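>>> fold the following, please.
(one chain, ligands or ions: 1)
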Amino acid sequence: MGHRSRHPQGNRASRLNENGSNGETHANATRLVEAGRRKQWRSVPGQPGSVVNPPVWRASTHLYESTEDLAKGRPNEDGHFYYGRRGGPTQWALADALTELEEGAEGTELFPSGVAAIAATLLALLKPGDELLVCDNAYEPTRSIAAGLLAGYGITHRSFDPLDIEGFAAMIGPSTRVVMLESPGSLTMEVSDIPALAAIAREKGVVSVIDNTWAGPLGFAALAHGCDVTLMSLTKHVGGHSDLMMGAVSARAPQLAQIRRHAQMLGQVVSPDDAALALRGLRTLGLRLERTSATAAEVARWLTTRPEVSAVLCPQLGGAPGNDLWQRDFTGGCGLFSFVLAAGADKSARARLLDRLELFGIGFSWGGYESLAIPVDPAGLHSLRPWPPGIDEGSGLGVRLAIGLEDAGDLIRDLERGFAAMGES
Ligand SMILES: *Cc1c(COP(=O)(O)O)cnc(C)c1O
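Take a look at the predicted model:
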């Protein structure tokens with residue numbers, strides 16, 4: 001269940017990394033340690049030696065050498081002092097690290113939340129009269145951005161079934177400009193054939209954007225699989241400790257320039273303190289994901305044996321819906337999955353289950369070191385088709401678990417107590 005390492009060719013990592021690397025491409029475990037640690041961001045000019053981490057550079061004003069220097073301006077890319085709104089070395093180090101982890105990315109733009117990253121990306125890539133296609137299992141705020149924010153600017157949208165490849169191809173019209181993908185889908189966890197969907201989009205001149213928060217670059221190489229833009233909430237796995245909010249967008253060159261321009265017009269900037277926390281989280285990302293993914297598979301496997309459960313929606317579980325595509329395309333999973341309660345359960349039984357849990361907190365977000373559980377109602381989530389297939393045989397009531405770093409046996413015993421509470425009234 002661990003992360004299979006990969007050695008993508010042609011990544012910018014070795015070019016950007018000035019740690020004395022000999023230009024060799026490293027496996028992800030090594031990249032997570034090396035990424036973003038350019039020596040010039042960890043040392044003082046004229047002073048031999050350096051520190052391990054890029055320090056927190058708190059700065060609004062950046063100083064120029066002279067009026068002549070000021071008049072010269074600065075290139076609009078990371079790594080050049082200009083003004084605090086364009087970030088400083090701490091934020092550049094994080095963006096640089098994320099770019100190094102994303103094969104095919106020209107660069108990375110940081111945002112104060114994952115939702116800010118989604119909104120700015122779509123605003124940057126669409127204009128009045130354009131159409132956006134949104135997968136029917138998208139994160140709910142993504143649908144709200146399409147139906148609310150974008151509609152107000154004269155940008156239309158339609159939902160498509162991400163499991164119907166031909167239907168998707170047929171939907172692309174003359175004004176379709178962008179497709180928003182997400183796999184596994186939020187809450188219902190369908191894995192879609194991203195390489196096929198992205199290839200169709202590219203062939204028809206449509207820009208493909210993927211919300212890759214679930215897998216991140218270690219679990220799914222989105223650009224290498226054909227997407228143009230990949231974004232994720234760093235609030236989840238990269239932060240990893242439930243103490244910061246941030247989002248990131250990594251993209252190919254033409255889209256990156258558009259997104260950067262818009263982010264700057266929208267005044268988007270992240271604090272250097274949060275960037276340093278995200279960098280710290282990044283160093284242990286691989287280890288944490290390996291552990292939460294393995295524990296999630298163990299808990300998921302146990303859930304399949306429970307009479308209270310009619311379906312387990314966990315992509316990395318053998319035999320689960322979407323596991324074939326997950327095996328084909330992904331190099332890792334995470335701790336987030338859902339399950340459906342068997343027929344006979346009602347909302348108050350589900351509430352008793354969740355309220356009895358001691359190790360699982362009840363709350364949104366995920367990707368932290370601690371486990372969480374929330375009720376979800378998958379039947380009502382999709383506009384185009386019920387999911388999961390056969391859901392009518394169950395209660396239609398779901399639970400989403402975010403597995404943290406606790407012991408699998410302890411989590412299973414906690415859920416066992418919860419199931420016992422379902423029978424009480
Ligand atoms: C949480 C989440 C986001 C939004 O991230 P925030 O940092 O909370 O704004 C986006 N996409 C997915 C799939 C998420 O789960």
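>>> from G73, how far off is the nearest residue to D78 once chain neighbours are set aside?
Spatial nearest neighbour of D78, chain neighbours left out: W92 (4.1 Å); criterion: Cβ to Cβ, 6 or more residues apart in numbering. Heads up, the C-betas are built off the backbone N, CA and C, glycines and all. The spacing between W92 and G73, counted by Cβ to Cβ, to the nearest Å, is 18 Å.
>>> show the pLDDT at the residue nearest to K204 when sequence neighbours are not counted.
Spatial nearest neighbour of K204, chain neighbours left out: I172 (4.9 Å); criterion: Cβ to Cβ, 6+ apart. pLDDT for I172: 98.
>>> so what's I172 up against?
Going by Cβ atoms under 8 Å, 6 or more residues apart in numbering, I172 touches L133, V179, I200, A201, K204, V206.
>>> any idea which of those has the most stuff around it?
Neighbour counts for the contacts of I172 (other Cβ atoms under 10 Å) peak at V179, which has 27 neighbours.
>>> for that residue, pull up the helix or strand it's in.
strand 176-182 (DSSP states H and E).
>>> average pLDDT for that strand, rounded please.
Strand 176-182 comes out with an average pLDDT of 98.
>>> shaky segments in this structure?
1-23, 388-393 (pLDDT under 70).
>>> ok so, going back, what is the nearest of the contacts of I172 to S371?
S371 lies nearest to V179 out of the contacts of I172, by Cβ to Cβ, at 33.5 Å.
>>> I figured that closest one hits S192, correct?
No - V179 lies out of contact with S192 (Cβ atoms under 8 Å); the separation is 11.3 Å.
>>> which neighbours do those two have in common?
C135.
>>> what strand or helix carries R158?
Counting by DSSP H and E, R158 is part of strand 156-160.
>>> output the helix or strand just after that strand as CSV, nothing but the C-alphas.
As assigned by DSSP H and E, the chain's next helix or strand after strand 156-160 is helix 165-171. Output in CSV follows, covering the C-alpha atoms of helix 165-171 (Å, rounded to 0.1, in the frame of the first residue of the first chain):
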residue,chain,number,x,y,z
ILE,A,165,-15.9,9.3,-21.3
GLU,A,166,-17.9,9.4,-24.5
GLY,A,167,-20.6,11.5,-23.0
PHE,A,168,-17.9,14.0,-21.9
ALA,A,169,-16.4,14.2,-25.4
ALA,A,170,-19.9,14.8,-26.8
MET,A,171,-20.5,17.6,-24.4
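>>> mind giving me the packing neighbours of helix 165-171?
strand 156-160, helix 194-203 (3 or more Cβ pairs under 8 Å, 6 or more residues apart in numbering; DSSP states H and E).
>>> turn those into TSV, columns for distance to P307.
Output for the helices and strands packed on helix 165-171, formatted as TSV (distance: least, Cβ to Cβ, whole Å):
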stretch	distance to P307
strand 156-160	35
helix 194-203	35
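>>> turn these into a markdown table, including distance to the ligand.
Output for these, formatted as a markdown table (distance: least, Cβ to the nearest ligand atom, whole Å):
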| stretch | distance to the ligand |
| --- | --- |
| strand 156-160 | 16 |
| helix 194-203 | 14 |
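>>> nearest to G281, out of the ones you listed?
With Cβ to Cβ as the measure, helix 194-203 is the member of those nearest G281 (25.3 Å).
>>> that older thread, list just the nearest of the contacts of I172 to L282.
Once Cβ to Cβ is applied, the member of the contacts of I172 that ends up nearest L282 is V179, at 28.5 Å.
>>> which non-adjacent residue is nearest the closest one?
Nearest residue to V179, sequence neighbours excluded (Cβ to Cβ, 6+ apart): L133, at 4.5 Å.
>>> report the central residue of the chain.
Residue closest to the average C-alpha location in the chain (Cα atoms, centre = their mean): T213, at 1.3 Å.
>>> residues contacting that residue?
So T213 contacts G114, Y139, L231, M232, S233, K236, H237 (Cβ under 8 Å, 6+ apart).
>>> can you pull out the helices in the stretch 101-250 of the chain?
Secondary structure of the stretch 101-250 of the chain (DSSP state H, counting those that start in this stretch): helices at 114-125, 140-144, 151-152, 165-171, 194-203, 216-219.
>>> nearest to A275, out of those?
Counting by Cβ to Cβ, A275 lies closest to helix 114-125 out of the helices of the stretch 101-250 of the chain; the figure is 14.3 Å.
>>> show me what from the stretch 251-400 of the chain comes close to the ligand.
S365 (Cβ under 6 Å from any ligand atom).
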